[in-house]
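Peer 1: Below: sequence and its predicted model.
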Amino acid sequence: MFKYEKEKAHKLRERIGKLPRVHLAYLPTPLEETPRLSKMLKGPQIYFKRDDLTGLAFGGNKTRMFEFILGHVLKVGADVVVAGAAVQSNYCRQMAAACSKLGLDVYLVLRKVRGDIDLQPQGNFLLDLLTGAHVEIIEASSPAEQIRIMEKVTKDLQAKGHHPYLARMANSEDIGLDAIAYVNCIEEMCEQLENMDLEPDYLYVASADTTQAGLVLGAKYLRLDFPIVGINPLDKIWGEDVPSTVAKIANMAAEILGLDIKVETSEVISYSDYVGRGYGLVTKEGIKAIELVAEREGIFLDPVYTGKAMSALIDHARQGKIGKDKKVIFLHTGGLPALFAYNEEFNVATNFCRKIVA
C-alpha cells in the first residue's frame, strides 16, 4: 500500500494556499494506466500523469505554473506581460492564453529554431496569434541577445505608461513560483497513488529546470522513496549544468514556502543523452515514441519534450535499467499543438487510404 506523510502534505497545502493564485487549470489531472503500451514493451507497467489535460489552450505543465506567477503579477499591479522563448514555445502559448483570460496584454519575443519554417502560422505560434498577443520573431544568436530585446520592449512599454512584468526567459527572480506548482502536483499525485494503491518505482519527466525542481523538492519533503528521473530536452542552450540548476530552483521554492529543507545537486537525476542535434530538433527515436504511444494508447506526445522523454523511458526499459516488474509514472507535460508544426517529420503516408473499398 502506498504511504506518504499526510500531516506534512496538509502543512504543504496550507503554505501553498497562502500564495497569490488565480484559477486556470482543471485539477487534479488524471493518473491513468497505459496497459497496451506496457504490454508492447513487455514491461515495465507504465502510468501517465496527464498534465496535457490541464485545460487552458490545449493544456500543459505551464498552466499550473501560471496560476502562481500570474497571481503574483496581478498582486504587483502589472497590466502587461513580456515573455520570450522559441517560436513553438509551449510556455508562450499558455502565457498568451492565460493573459487573455485574465485581461492582461502580452508581448512575445520569439526566436527561430528551425529557420524560415518557423514563420508559418502553425502549432503554438498560430495559437499565440489567435489570442491577440503582440509577437516579434527574431533570429537571436544567443539567449543574451533575446533577453536584451525583451528588456527593450519592457522599457518601451514603461515609457508609454504601462506597468509591464518581465517574465522568463529574461527574469528568473520569481522562478521558484514555477517550481511550487510542481510541489503542488506531486502532493496531488500522492492522494491519487493512495486511492489506486499504487507504489511507483520511478517518475519520468521531460524537464531541465522548474518542473523537475518542484517534483524533487516535494518528493524529498514528503519522504517519497521513488526517484524523479529528468530527461533534459534543452541540451546546453542555457549554458548551465542541469542538476545544479534544478537544485537551485528547488531551494528557491523551499525558501518561498518556508520549508526547512535543502535539495543537493547530487539528488537530481538528469539525462542529456536524448536531445539529439539540439533543442526543438526532432530525433528518430522521439518520432517513433510519439507514433508508438498514439497507436497503442491514443495519447499524443510532442517532438520537442515528451517524445524525447518517452524515447528515453523506452530505451531504459529495453536496456534493463528499468526492470520489467517495475511501475513507472510518466508525467505528460503537454505540448500537443507543436505536433502540427512538425507534421512533415512524420511518415504517415502508408496509413493514408485514397479510396476505401467496402
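Peer 2: Good, I have the coordinates. Numbering: from 1, shown residues only.

Peer 1: Surely Val229 is in a helix?
Peer 2: No. Counting by DSSP: H, G, I helix; E, B strand; the rest coil, one finds Val229 to be strand, located in no helix.

Peer 1: got a list of what it touches?
Peer 2: 202-205, 269, 271 (Cβ atoms under 8 Å, 6 or more residues apart in numbering). C-beta here means a position set from N, CA and C on the backbone, and glycine is covered the same way.

Peer 1: Can I get the residues you listed in a markdown table including pLDDT, secondary structure and distance to Lys220?
Peer 2: Shown next, in a markdown table, are the contacts of Val229 (pLDDT from 0 to 100; DSSP: H, G, I helix; E, B strand; the rest coil; distance: Cβ to Cβ, whole Å):
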| residue | pLDDT | secondary structure | distance to Lys220 |
| --- | --- | --- | --- |
| Tyr202 | 98 | strand | 16 |
| Leu203 | 98 | strand | 13 |
| Tyr204 | 99 | strand | 18 |
| Val205 | 98 | strand | 15 |
| Ile269 | 98 | strand | 13 |
| Tyr271 | 96 | strand | 20 |
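
Peer 1: Quick check: the farthest pair among the residues you listed?
Peer 2: Leu203 and Tyr271 (13.6 Å; Cβ to Cβ).

Peer 1: Looking only at neighbour counts, state which of those two leads.
Peer 2: Leu203 (23 against 17; other Cβ atoms under 10 Å).

Peer 1: Dihedrals phi and psi, Ile329?
Peer 2: Main-chain dihedrals, Ile329, degrees, to the nearest 10: phi -100, psi 130.

Peer 1: So what's the residue count around it?
Peer 2: Using other Cβ under 10 Å, Ile329 has 23 other residues around it.

Peer 1: now the one 3 residues further on
Peer 2: Other residues near His332 number 31, with proximity taken as other Cβ under 10 Å.

Peer 1: right, and it touches Glu297 too?
Peer 2: No. Between His332 and Glu297 there is no contact under Cβ atoms under 8 Å: 10.7 Å.

Peer 1: Mind listing the shared neighbours of these two?
Peer 2: With Cβ under 8 Å, 6+ apart as the test, His332 and Glu297 both reach Phe48.

Peer 1: ok, now which ones touch the nearest residue to Gly214 once chain neighbours are set aside?
Peer 2: Nearest residue to Gly214, sequence neighbours excluded (Cβ to Cβ, 6 or more residues apart in numbering): Tyr182, at 2.7 Å. By Cβ under 8 Å, 6+ apart, the contact list for Tyr182 reads 61, 64-65, 210-215, 218.

Peer 1: For my notes, please list the residues you listed in a markdown table and give secondary structure, neighbour count and distance to Leu339 for each entry.
Peer 2: Formatted as a markdown table, these follow (DSSP: H, G, I helix; E, B strand; the rest coil; neighbours: other Cβ atoms under 10 Å; distance: Cβ to Cβ, whole Å):
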| residue | secondary structure | neighbour count | distance to Leu339 |
| --- | --- | --- | --- |
| Asn61 | helix | 31 | 16 |
| Arg64 | helix | 27 | 21 |
| Met65 | helix | 29 | 22 |
| Thr210 | helix | 27 | 23 |
| Thr211 | helix | 28 | 20 |
| Gln212 | helix | 31 | 23 |
| Ala213 | helix | 32 | 27 |
| Gly214 | helix | 30 | 26 |
| Leu215 | helix | 26 | 25 |
| Gly218 | helix | 28 | 30 |
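
Peer 1: Dump those to a markdown table, plus pLDDT.
Peer 2: Formatted as a markdown table, these follow (pLDDT from 0 to 100):
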| residue | pLDDT |
| --- | --- |
| Asn61 | 98 |
| Arg64 | 98 |
| Met65 | 98 |
| Thr210 | 97 |
| Thr211 | 98 |
| Gln212 | 98 |
| Ala213 | 98 |
| Gly214 | 98 |
| Leu215 | 98 |
| Gly218 | 98 |
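
Peer 1: Please identify which of those residues is nearest to Met1.
Peer 2: Distances from Met1 to those, taken by Cβ to Cβ, are shortest for Gly218, at 20.2 Å.

Peer 1: follow-up on the earlier one: which secondary structure state does the residue nearest to Gly214 sit in?
Peer 2: Here Tyr182 is recorded as helix under three-state DSSP.

Peer 1: Next, work out how far apart it and Ile138 are.
Peer 2: 30 Å (Cβ to Cβ, to the nearest Å).

Peer 1: Show me which parts of stretch 125-142 are buried, residue by residue.
Peer 2: For stretch 125-142, the neighbour count (16 or more other Cβ atoms under 10 Å) marks 125, 127-128, 131, 133-135, 140 as buried.
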